[in-house]
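Trainee: Sharing a model prediction with you, sequence too.
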Amino acid sequence: MTNRKRKSTAAKQRAKLRQQRRAAAAAQAGQEPGGAPTTTRPPQPVRRPGDRRPRPTKRRRSSRTPWLLIGGVVVVVGVIVAMFLTRSDDTSRGEASEGSIDGLTSVPAQTLEAVGVPEQPSNVNPLPPDAAPVEEGGKPVVLYVGAEYCPFCAVERWPMVVALSRFGTFTGLESTTSAPPPETLPNTPTVTFKDSTYASDHIVLSAVETADRVGNPIEDPTEFQQRLFDTYNVESVTGSSGGIPFVMIGNRYAWAGSQYDPAVLEDKDFDQIANALANPDSEVAREIGGAANYITAMICQLTDGQPEDVCSSDVIQQAQAALPTP
Amino acid sequence: MRVARWVPPVTTALALAGVAVSTYLTIAHYTDPEGELQFCSGTGTVDCGAVTTSAQSTFLGIPVALLGLLWFVGMLTLCLPVAWRADARPVHLARLVGAVGGIGFVLWLLYAELIIIGAICVWCTVAHVIAFALFVVVVLTTPPLLADE
């Protein structure tokens, strides 16, 4: 009995030892003691001498992504800076030499006579016959609402200044350019009405530049200017609703936009345009002078043909005949 | 995985500097309509006034300076040492998304300054450089934290 007991105890110990060995072996082979397989290592490829170590592709890609992001940002910054450095924001186009602005305000009558007028005025709209008189201090008003950044305002100021200078005198006109790229027709040379004054025995110029060449507000329209702008710069009158430049010649005519093709000013600087104005054979003189003659003809309707030497000239008479009627 | 020891203090310091600069710009936006900022001349290419009073100085009606301040405050919260130590994946994800989104907005502002306005605001540029530095550190150090979880 005692012998049998001893035998079973020894058998138990041997069984326990076997179990421990199996457990140890299973652990080494990556198995649970119970025999259930756990994570097994994938079979390792057989390496031969000269074989390259396999690349941990996924990990490498993820560690490369941040650098790609950073590189992308640096490239975009570089592109923006390059665009800035190479852009054609040539404000020097708007720099007027001494005497250039004087040339603009005193284009000889013979030159304006020689350039004539286009067959039809472009973009000019008659106001309704019942439009109330637009006057200040008993004089008819020429209204201009625009902005320095606006390229079509830049284009339209040229004939306006030429025409208005035949009825009065500007002081304080300064040259500038319209907005830089990416604005349409960037850096178009022109003058600004801001800080200028205009004196005339015949008319009043009521002009406002609402923003500078980069769009910052600089002047608010007066109540009078705003009322006219809201009343007449509408689809039924100008074909625009709120577009600039908005020009009104008393209670007779109004338009929004420019009267001639802005392309004639492309790639020209202030002095080139001012000089070309004196040459009646130039395209610049024909376009700006032609538009100026129409504006002059419209103003002559307000001033009852005064001053006579201006309003009675052949070209102004011809322009008046071509002006649209309500 | 834990980030290198220098990352939490450096990002916290960058975010704090960003908060300081954008606070100045925000105060200037509300108190100085002319945009005449210190150490920023008013003419030529370097012209804070031209930038801070431009049409691009607001986004959806909100001053860009204020948006910058809010962004830096958010990044400061996400870059505190306790946030770097957090086991919560959303914290690390928010930091990464914030950094990438922030630098995207910085690129737009740089485009607006140089190409649309044609002028540079020194203080805005300081804020942009800080945002870029924060972006670099965050995108290099946050992804491993996300991969770990």
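Mentor: The structure has been received and is ready for your questions.

Trainee: number of nearby residues for A:Glu98?
Mentor: 6 (other CB atoms under 10 Å in any protein chain shown). Backbone N, C-alpha and C define where each C-beta goes, glycine included.

Trainee: Over to it. Which of the three states is it?
Mentor: coil (DSSP: H, G, I helix; E, B strand; the rest coil).

Trainee: go on, the one 5 residues further on?
Mentor: Three-state assignment for A:Gly103 (three-state DSSP): helix.

Trainee: Same check on A:Pro324?
Mentor: A:Pro324 - assigned by three-state DSSP - is coil.

Trainee: Next: A:Ser241.
Mentor: coil.

Trainee: What sits closest to it if chain neighbours are left out?
Mentor: Spatial nearest neighbour of A:Ser241, chain neighbours left out: A:Glu235 (5.1 Å); criterion: CB to CB, 6 or more residues apart in numbering or on different chains.

Trainee: And B:Ala86, by the same measure?
Mentor: That would be B:His92: by CB to CB, 6+ apart, it lies 7.5 Å from B:Ala86.

Trainee: That neighbour contacts B:Thr142, doesn't it?
Mentor: Yes. Proximity of B:His92 to B:Thr142 meets the contact threshold set by CB atoms under 8 Å, at 5.2 Å.

Trainee: pLDDT weak spots in the chain?
Mentor: If you meant another chain, say so; for now it's chain A. A:1-62, A:87-92, A:182 (pLDDT under 70).

Trainee: Hmm, no, I was thinking of chain B.
Mentor: B:1, B:33-44, B:148-149.

Trainee: Check whether the biggest helix by length in it comes near chain A.
Mentor: Looking across chain B with DSSP state H, the single longest helix is helix B:122-148. Yes. Against chain A, helix B:122-148 shows contacts by CB under 8 Å from any CB of the partner chain at B:132, B:135-136, B:139-140, B:143, B:147.

Trainee: And that helix, what's buried?
Mentor: Buried residues in helix B:122-148, counted by 16 or more other CB atoms under 10 Å in any protein chain shown: B:122-128, B:130-143, B:145.

Trainee: what ranges do the helices span in the stretch 101-250 of chain A?
Mentor: A:109-115, A:151-164, A:223-232, A:235-238 (DSSP state H, counting those that start in this stretch).

Trainee: burial of the nearest residue to A:Pro280 once chain neighbours are set aside, as a residue count?
Mentor: Leaving out its chain neighbours, the residue that sits closest to A:Pro280 by CB to CB, 6+ apart is A:Ala114, at 3.7 Å. Using other CB under 10 Å, A:Ala114 has 15 neighbouring residues.

Trainee: before we move on, what about B:Ala28?
Mentor: Considering only other CB under 10 Å, B:Ala28 is surrounded by 21 other residues.

Trainee: so after the helix or strand containing it, what's the next helix or strand?
Mentor: For B:Ala28, the enclosing helix or strand under DSSP states H and E is helix B:7-31. Counting by DSSP H and E, the element after helix B:7-31 in chain order, helix or strand, is helix B:48-52.

Trainee: Tell me who's in contact with the spatially most central residue of chain B.
Mentor: With distances taken as CA atoms, centre = their mean, the residue of chain B nearest its centroid is B:Ala131 (4.0 Å). Neighbour list for B:Ala131: B:18, B:68, B:71-72, B:102-103, B:106 [criterion: CB atoms under 8 Å, 6 or more residues apart in numbering or on different chains].

Trainee: from those residues, which are also near chain A?
Mentor: Answer for the contacts of B:Ala131 near chain A (CB under 8 Å from any CB): B:Ile103.

Trainee: was I right about B:Thr23 contacting B:Leu66?
Mentor: No. Using CB under 8 Å, B:Thr23 is not in contact with B:Leu66; the gap is 9.7 Å.

Trainee: Return the residues in contact with the residue in chain B positioned nearest to chain A.
Mentor: Nearest residue of chain B to chain A: B:Leu114, at 3.8 Å (CB to the nearest CB). B:Leu114 makes contact with A:80-81, A:83-84, B:120 under the criterion CB under 8 Å, 6+ apart.

Trainee: Using JSON lines, lay out those together with neighbour count and secondary structure.
Mentor: JSON lines is the format used below for those (neighbours: other CB atoms under 10 Å in any protein chain shown; DSSP: H, G, I helix; E, B strand; the rest coil):
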{"residue": "A:Ile80", "neighbour count": "18", "secondary structure": "helix"}
{"residue": "A:Val81", "neighbour count": "13", "secondary structure": "helix"}
{"residue": "A:Met83", "neighbour count": "14", "secondary structure": "helix"}
{"residue": "A:Phe84", "neighbour count": "19", "secondary structure": "helix"}
{"residue": "B:Ile120", "neighbour count": "20", "secondary structure": "strand"}
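
Trainee: okay if I get the residues you listed as a markdown table plus distance to A:Glu174?
Mentor: Formatted as a markdown table, the contacts of B:Leu114 follow (distance: CB to CB, whole Å):
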| residue | distance to A:Glu174 |
| --- | --- |
| A:Ile80 | 31 |
| A:Val81 | 31 |
| A:Met83 | 29 |
| A:Phe84 | 26 |
| B:Ile120 | 25 |
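
Trainee: Determine which two of those are furthest apart.
Mentor: Spatially, the most separated pair among those is A:Met83 and B:Ile120, at 13.7 Å (CB to CB).

Trainee: Could you list the residues of chain B in contact with chain A?
Mentor: Near chain A, when you scan chain B using CB under 8 Å from any CB, you find B:50, B:53-55, B:100, B:103, B:107, B:110-111, B:114-119, B:132, B:135-136, B:139-140, B:143, B:147.

Trainee: mind running it again at 7 Å?
Mentor: Counting by CB under 7 Å from any CB of the partner chain, the positions of chain B adjacent to chain A are B:50, B:53-55, B:100, B:103, B:107, B:110-111, B:114-115, B:117-118, B:136, B:139-140, B:143, B:147.

Trainee: can you pull the alpha-carbon coordinates of the longest strand along chain A into CSV?
Mentor: Longest among the strand segments of chain A by residue count, using DSSP state E, is strand A:139-146. The C-alpha coordinates for strand A:139-146 follow below in CSV (Å, rounded to 0.1, in the frame of the first residue of the first chain):
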residue,chain,number,x,y,z
LYS,A,139,-24.2,125.6,-61.5
PRO,A,140,-24.8,122.3,-63.1
VAL,A,141,-22.9,119.4,-61.6
VAL,A,142,-20.7,116.8,-63.2
LEU,A,143,-20.7,113.9,-60.8
TYR,A,144,-17.9,111.3,-60.6
VAL,A,145,-18.0,108.3,-58.2
GLY,A,146,-15.0,106.0,-58.5
